[in-house]
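K.L.:
structure for this input, please:
(chains A and B)
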Amino acid sequence: MIEPVPTVLVVDDSPTVRKIVQMTLQRERIRVITAGDGLSALTSVADEIPALVLLDIQLPRMDGYHICQIIRKNLQFRTIPIIMLSGKDGLFDKMRGRLAGSTEYLTKPFDSVELVQTVKKHLVGWQQRMPPQYEGMRSRLRHRG
Amino acid sequence: MESQDRIMDGDLQTLGLQSILKMLALSGKTGILFVHSGPETLSISLRKGQLVALHEESYPKSDLLNMLCLINKLDPPRAHAVREASQGNLQVALAMLVERNWMSAEEMQYRLEFAVTQSISHALRWIDGRFAFHRQLVTMESWMQPLEIDSVLLEALRQADEWEEMGETSLTRMTVARWLPEVSNDVRSLGLSQEHIEVLCLANGEVSLQAMAMVLMIPEARVVRIMNHLLALHLIEVVDTALEAELQQDLSNIIIMCQHKLAQRRQNHVPNQHLLGLIETLSQCINGLLIHHGTYAKSLRGRGQLPFTEIVRYLERRFTQPLELLAKQQYPILDTLTFTNGQLDCTEIIYLDKLVKGEKLEEFYWEAVLGLATFLRTVFSTLLNDEVGNSHTGRQLNYVWKAFLTEIDQEIQQYQLYRAHRNTQQMRSRYSENVYQIGPGKSNIPQGDGNLDRLPETQRRSI
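P.N.:
Purely as a prediction, here's the structure:
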């Protein structure tokens, strides 16, 4: 029997961060896809419809706040939890992230245990959050699970 | 599941699995028998008293295709294609291998039968647990030919006896082993049997004992014997998966921390400050790795709380020599570095600006950056080799580490570009000064505003 696994999109311009997050989450049996800039991130969201997005704020071409706003404005993707990753831990940055529509805020350098806990917390019920046109896939997954 | 479908349930202590299966076979029952013991569950599908499918829960699924690649029975591209199409379903994967003529139908049947026998043999040794038989349940989809319960039980009992005969062993079905890093010789020279070599090939720190038995189709008890022999020969070691996960987490945190520091200092565009920032980041990274190694070094493990002085002595013994060698052969500035309490002390380099100024200071900083970057690579490869060796975890960490080194290299390259640009500028200005000193009329260089871009092509090239 196949167990459905959630997909997490990691958006960060640092290859080190992308690979560490990938390694850490894959250990928890979570599928990870990555993007190094804002535009690739939006393409990945549309193509893969991840169950969760880990989004760095400082990105080339388009910053994390902007990407977050675009995702939130789209009816199809607006329920995807977005965890902002940032080196800035000021109240202003957190507020800005919240206003852009982020679900949670993780400050860099983050602890890998904390990362896993936060991701798992927001992955609860991910199958139910899949967009309506994926109803077919959802019912198949439910059937298998 | 409707309770009226459950026609039989009870305790394994009252009625053993062997008796239950015999009873169901004799009465020609159709349905699923669920057997639980602790976290383990076995679902055995029966149709008219014959075994048609078996599903074992609680064990992580092993990648049979990958393992077939490891023992050279399947090409990685073929394995990849089948893996993609079968989506992790073992039976579908085997059926696809048969369909594409990469495996015979007989081998598939034998593999499926072997997997069933292994699982039942394991369950036969359960003492505590419960069972329940449900009729009228749709039997699980299976590619396997129906099996006679008697023949399965006979082989399963034989294998269970093999386990019992072995007596006390620390190895379990989920034991994972890996080659010791020291093993670099050709294993054929060790005089091992084919089975030993195959087990050795699969001992990559990722494949469990149960999975090895499955892929090699050798009873688990025999794999235990082979592994014990390889352990005695110091060719493999048992992996402590919990410790490895902890170690991986700790190293990940160190790398994340160092990457963060590197990114923070990236903002600095003043050359001296940029180099100083790199020196500080590199030394912090080295010290982070030294602290980590003081906790996870193989020779310090499993000895409880060790005196701090012993850890310090170990670290200094391990890393002083490579540092001295680097200082002697390539980067003399590293001579100013010392080990203090098991940590690399870079104070002399950091406060070098009190003694030296200008270009000379920059030269020293530059040499220190190159030296520390080289030493950092040495420290990481030494500790990784010692702690996890050539294992799955080791390869994953190496993969991450390479990404981090790329970021450091980019920083170094950025400064190299600046240096090259500055040198060119200096040469150009010196050239202009020379032209000026020769004086107008004595030179055949066209006079103008001194802009080197306007010099004839041949002259620009010589510059």
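K.L.:
which residues of chain A lie near chain B?
P.N.:
Proximity of chain A to chain B (CB under 8 Å from any CB of the partner chain) is limited to residues A:1-2, A:14-20, A:23-24, A:27, A:87, A:108-113. For the C-beta atoms, the positions are set from N, CA and C on the backbone; glycine is no exception.
K.L.:
if we go to 7 Å?
P.N.:
Taking CB under 7 Å from any CB of the partner chain, the part of chain A that reaches chain B is made up of A:2, A:14-17, A:19-20, A:23-24, A:87, A:108-113.
K.L.:
out of those, who's nearest residue B:357?
P.N.:
Nearest to residue B:357 out of the residues of chain A next to chain B is residue A:87 (CB to CB; 32.3 Å).
K.L.:
so in chain A, where's the weakest helix or strand by average pLDDT?
P.N.:
Sorting the helices and strands of chain A by mean pLDDT, DSSP states H and E puts helix A:135-144 at the bottom, at a mean of 48.
K.L.:
quick check, pLDDT for the spatially most central residue of chain A.
P.N.:
Closest to where the C-alpha atoms of chain A average out (CA atoms, centre = their mean) is residue A:53, at 0.9 Å. Residue A:53 carries a pLDDT value of 95.
K.L.:
and it, which of the three is it?
P.N.:
strand (DSSP: H, G, I helix; E, B strand; the rest coil).
K.L.:
need the contact list for it.
P.N.:
By CB atoms under 7 Å, 6 or more residues apart in numbering or on different chains, the contact list for residue A:53 reads A:9, A:11, A:45, A:80, A:82.
K.L.:
mind listing what's buried along the helix or strand containing residue B:150?
P.N.:
Element membership for residue B:150, per DSSP states H and E: helix B:149-166. Within helix B:149-166, the residues scored as buried using 16 or more other CB atoms under 10 Å in any protein chain shown are B:149, B:152, B:153, B:155, B:156, B:159, B:160, B:162, B:163.
K.L.:
so what's the residue count around residue B:306?
P.N.:
For residue B:306, the neighbour count with other CB atoms under 10 Å in any protein chain shown is 13.
K.L.:
tell me the secondary structure for residue B:145?
P.N.:
Following three-state DSSP, the label given to residue B:145 is coil.
K.L.:
can you give me the mean pLDDT across the longest helix along chain B?
P.N.:
Longest helix in chain B, counting residues (DSSP state H): helix B:392-438. What helix B:392-438 shows for mean pLDDT is 82.
K.L.:
kindly report the same for stretch B:306-314.
P.N.:
88.
K.L.:
tell me how far it lies from the chain's centre.
P.N.:
Averaging C-alpha positions (CA atoms, centre = their mean, to the nearest Å) puts stretch B:306-314 28 Å from its chain's average.
K.L.:
who are the packing partners of the longest helix of chain B?
P.N.:
Packing partners of helix B:392-438 (3 or more CB pairs under 7 Å, 6 or more residues apart in numbering or on different chains; DSSP states H and E): helix A:15-27, strand B:204-208, helix B:241-265, helix B:271-296, helix B:358-387.
K.L.:
hmm, back to that, distance of the residue nearest to the centre of chain A relative to residue B:126?
P.N.:
Note on residue A:53: its distance to residue B:126, by CB to CB, to the nearest Å, is 44 Å.
K.L.:
check contacts around the nearest residue to residue B:22 once chain neighbours are set aside.
P.N.:
With CB to CB, 6 or more residues apart in numbering or on different chains as the criterion, residue B:22 has its nearest non-adjacent residue at 6.7 Å, and that residue is residue B:149. By CB under 7 Å, 6+ apart, residue B:149 lies in contact with B:21, B:22, B:25, B:49, B:51.
K.L.:
what two of those residues are the furthest from one another?
P.N.:
Longest span within those, CB to CB: B:22 and B:51, 12.0 Å.
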